[in-house]
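Participant: Quick one, what's the 3D model for this:
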Amino acid sequence: MERISTKVYRAPNGNLNKLGYMTLQPLIKQNLDILFVGINPHPLGVKKDAYFSNSGALWNQLSEVGITAERIDCRKLLKLNMGITNIVLRPSVTSSEVSKKDLEEGRERLLKEAEFAKPKVLCFIGKMPYLGLTKKKQCNYGWQEEAIYGAKCFVTMFPTFRCSKQKKIEVLQNLPKGCKDLGIELPKSLQMRLVVKYET
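Facilitator: Presented below is the predicted three-dimensional model:
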């Protein structure tokens with residue numbers, strides 16, 4: 001990706017990339033609070049031109065922990081100074097279809113997107129995009145020690161991962177606490193909950 005002069009990045013030629021298949025364009029702009037990073041698009045998501053639209057679980061969970069004040073879809077993220085992208089552009093029904101070559105090809109592009117967006121937080125939706133970007137062999141869920149272009153890194157469970165919803169929320173609720181510590185403005189309702197939870 002070339003250096004962008006405009007504040008909001010738009011992929012050229014709509015959603016049709018240079019390899020000739022349809023995909024989702026990154027929804028990013030400069031100086032984001034949070035940039036969410038998924039693995040790759042689902043074909044239904046590409047058809048709807050929307051991230052994580054197949055089940056909606058991600059948006060429900062973000063609302064439940066207070067990252068957003070209500071359930072939203074990806075089209076409203078930029079207004080909240082958040083963005084979303086994928087490490088791999090090629091769509092597939094399951095992440096098991098993503099190859100090491102796909103991850104390697106996506107790594108350089110994702111690093112350029114992160115450099116452009118300069119987010120305070122990179123939130124990886126599942127371990128695969130984080131491991132693909134950092135080339136690490138393993139990681140734990142939650143906040144990571146190393147920053148990427150100054151962004152703190154957080155790894156959450158994939159929203160439809162086969163475990164209890166309670167476990168997913170237990171991991172994800174650490175994200176807003178860290179965001180508050182970084183000075184990221186949160187919905188007022190969440191700020192009140194954090195004061196009660198962490199300062200009493």
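Participant: The most centrally placed residue in the chain: which element?
Facilitator: Taking CA atoms, centre = their mean as the criterion, Phe36 is the residue nearest the geometric centre of the chain, at 1.4 Å. Assigned by DSSP states H and E, Phe36 belongs to strand 34-38.
Participant: now what about the helix or strand following that strand, what contacts it?
Facilitator: Using DSSP H and E, the helix or strand that directly follows strand 34-38 along the chain is helix 43-48. Among residues not part of helix 43-48, those counted as contacts by CB atoms under 8 Å, 6 or more residues apart in numbering are Asn15, Met22, Thr23, Leu24, Tyr51, Phe52, Ser53, Asn54, Pro91, Ser92, Val93. (C-beta placed from N, C-alpha, C; glycine too.)
Participant: Please, a PyMOL command that selects the buried ones among the residues you listed?
Facilitator: Per 16 or more other CB atoms under 10 Å, the buried members of the contacts of helix 43-48 correspond to this PyMOL selection:
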select buried, resi 23+24+51+52+53+54+91+92
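Participant: For the strand holding Phe36, which outside residues touch it?
Facilitator: Contacts of strand 34-38 (CB under 8 Å, 6+ apart): 28, 51-52, 67, 77, 81-87, 110, 113-114, 117, 119-126, 129-130, 133, 151, 179, 184.
Participant: Now restrict the residues you listed to buried residues only.
Facilitator: Buried residues within these, counting neighbours by 16+ other CB under 10 Å: 28, 51-52, 67, 77, 82-87, 110, 113-114, 117, 119-126, 129-130, 133, 151, 179, 184.
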